[in-house]
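Chemist: below are the sequence and a predicted model; questions follow.
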Amino acid sequence: MSPALGPASLDPGPPARWWHALPDGRIQCDLCPRDCKLNEGQRGLCFVRQRVGDKVVLSTYGRSSGFCLDPIEKKPLNHFLPGSSVFSFGTAGCNLACKFCQNWDISKSREMDSLMDLASPERIAAAAQVSGAASVAFTYNDPVIFAEYAMDTADASHALGLKTVAVTAGYIHPLPRQAFFDKMDAANVDLKAFTEAFYQQQTGSHLAPVLDTLQHIRHASACWLEITTLLIPGLNDSTPEIDAMTRWIADHLGPDVPLHFSAFHPDYKMGDVPATPASTLTRARRIALANGLHHVYTGNVHDAEGGTTFCSGCAAQLIERDWHRVLRYTLDAQGGCPHCGTRVAGHFGPGLSDAGASGLVRRRIPMRVAPAKPAT
């Protein structure tokens with residue numbers, strides 16, 4: 001927990017959900033398994049949920065670290081409206097303490113005054129619609145810590161016919177978990193490793209709640225699920241660990257859940273750890289496929305085979321990619337293989353022609369959301 005701050009220039013934010021008063025006068029936040037117990041003015045480890053008087057508030061509601069238009073493959077999601085663009089935003093803070101964080105400048109930020117993009121859920125949804133995006137993503141930092149803001153934005157997005165995406169570590173308690181993922185159309189969950197020791201030592205959290213979140217999304221929600229594991233040399237990339245993890249995914253989530261193995265690059269508190277070699281990703285992908293997973297991808301590298309979606313029935317190449325670019329798309333309108341008719345698990349649009357794919361968003365494009373004009 002963080003101590004109370006000095007005088008603040010910002011509105012403390014609206015009341016948050018999921019907390020209760022304790023007999024000793026403190027208030028416990030019930031959003032995630034950290035169960036932060038707060039005295040007046042204190043913030044949880046996430047730094048954005050703060051006790052103000054007799055309630056907990058979300059200090060980043062309506063405030064963003066920025067807005068961008070991304071290819072959906074950047075989340076990464078390969079089986080959810082492939083080739084489409086997604087309107088992405090985050091806030092600040094995180095409820096994990098990953099030493100290898102790749103977005104540490106946002107997720108570890110405690111500079112609330114740096115959140116200069118002010119936008120209501122309705123204005124975000126409207127801006128996303130105007131941009132031509134098919135969906136709105138809550139990303140860059142973990143959206144479970146700004147769940148109320150994300151859920152309200154999801155409602156506003158759905159009202160305009162847009163889908164919603166959460167990019168999350170999945171560290172959340174059961175009651176908010178159900179409420180949050182009921183609002184999401186797709187999620188990519190970071191399964192950071194498959195040992196409790198890694199979660200404790202490298203993230204300051206625990207593995208079991210993340211596994212529970214994965215099973216909830218897969219079996220108790222309508223939210224489409226994909227998984228990403230960032231492979232870090234010497235920490236979570238051993239053959240036995242990858243074998244155990246992919247067997248668990250096949251047994252508990254099923255073979256059709258896409259799995260992305262992503263390459264680590266030195267950052268934050270792990271600047272002395274070498275980057276992940278491409279051979280490690282190839283080995284991990286081979287292990288996962290041998291354990292029965294149908295759709296296994298490699299990320300943060302140029303790998304034509306590791307970026308391609310293959311038919312699980314006849315092994316035909318159905319969606320060819322280079323990094324975040326869709327190069328070729330041959331699925332029919334129902335997401336079926338044109339060669340054998342096998343349906344690929346996922347959510348697919350009307351289809352992309354090869355010519356159409358060449359004009360899609362390939363990189364992050366910064367966007368602006370104009371704040372509402374004051375009433376006169």
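Modeler: Looks like it arrived, so ask away.

Chemist: what stretches of the stretch 51-200 of the chain score poorly on pLDDT?
Modeler: Residue ranges of the stretch 51-200 of the chain with pLDDT under 70: 102-117.

Chemist: mind redoing it with 90?
Modeler: Residues of the stretch 51-200 of the chain meeting the criterion pLDDT under 90: 63-66, 92, 97-119, 140.

Chemist: quick one: the strands in the stretch 251-376 of the chain?
Modeler: 259-263, 296-299, 309-310, 317-322, 325-329, 365-367 (DSSP state E, counting those that start in this stretch).

Chemist: so V296 is in contact with L281, correct?
Modeler: No - using Cβ atoms under 8 Å, V296 is not in contact with L281, being 9.8 Å away. C-beta here means a position set from N, CA and C on the backbone, and glycine is covered the same way.

Chemist: overlap in contacts, the two.
Modeler: Contact criterion Cβ atoms under 8 Å, 6 or more residues apart in numbering; residues shared by V296 and L281: F261, G306.

Chemist: picking that back up, do you know which of the strands of the stretch 251-376 of the chain lies nearest P14?
Modeler: For these, distance to P14 was read as Cβ to Cβ. The smallest value, 24.5 Å, belongs to strand 365-367.

Chemist: tell me the average confidence for the closest one?
Modeler: The predicted model assigns strand 365-367 a mean pLDDT of 68.

Chemist: quick one on the thing from earlier: mind putting the strands of the stretch 251-376 of the chain in JSON lines, mean neighbour count and distance to T203 included?
Modeler: Listed next are the strands of the stretch 251-376 of the chain as JSON lines, based on neighbours: other Cβ atoms under 10 Å; distance: least, Cβ to Cβ, whole Å:
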{"stretch": "strand 259-263", "mean neighbour count": "24", "distance to T203": "16"}
{"stretch": "strand 296-299", "mean neighbour count": "23", "distance to T203": "19"}
{"stretch": "strand 309-310", "mean neighbour count": "22", "distance to T203": "30"}
{"stretch": "strand 317-322", "mean neighbour count": "20", "distance to T203": "29"}
{"stretch": "strand 325-329", "mean neighbour count": "18", "distance to T203": "31"}
{"stretch": "strand 365-367", "mean neighbour count": "14", "distance to T203": "29"}
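
Chemist: and those strands as TSV, adding distance to G13?
Modeler: Formatted as TSV, those follow (distance: least, Cβ to Cβ, whole Å):
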stretch	distance to G13
strand 259-263	33
strand 296-299	34
strand 309-310	41
strand 317-322	40
strand 325-329	39
strand 365-367	23
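
Chemist: quick one: closest of these to G132.
Modeler: Ranking these by proximity to G132 (Cβ to Cβ) places strand 365-367 first, at 10.8 Å.

Chemist: so how far is H216 from A193?
Modeler: Distance, A193 to H216, using Cβ to Cβ, to the nearest Å: 20 Å.

Chemist: neighbour count: the two, which is higher?
Modeler: A direct count of neighbours by other Cβ atoms under 10 Å for A193 and H216 places A193 higher, at 24 against 18.

Chemist: which ones are touching the more buried one?
Modeler: Listed by Cβ under 8 Å, 6+ apart, the contact set of A193 reads Y199, Q202, L207, T229, L235, N236, E241, M245.

Chemist: what sits against the closest residue to the first one other than its chain neighbours?
Modeler: So the one you mean is Y199. Nearest residue to Y199 in three dimensions, chain neighbours excluded: L207, at 4.5 Å (Cβ to Cβ, 6 or more residues apart in numbering). Residues in contact with L207 (Cβ under 8 Å, 6+ apart) are A193, F194, T195, E196, F198, Y199.

Chemist: now do the buried residues in stretch 128-145.
Modeler: Neighbour-count burial for stretch 128-145, counted by 16 or more other Cβ atoms under 10 Å, picks out 128-129, 131, 133-145.

Chemist: in helices only, show me the contacts of A193.
Modeler: Judged by DSSP state H, the subset of the contacts of A193 located in helices is E241, M245.

Chemist: so which of the contacts of A193 wins on neighbours?
Modeler: For the contacts of A193, neighbours tallied by other Cβ under 10 Å; top is T229, 25 neighbours.

Chemist: return the distance of that residue relative to L77.
Modeler: Separation of T229 from L77 (Cβ to Cβ) stands at 15 Å.

Chemist: repeat that for S131.
Modeler: Noted for S131: a distance of 18 Å to L77, by Cβ to Cβ.
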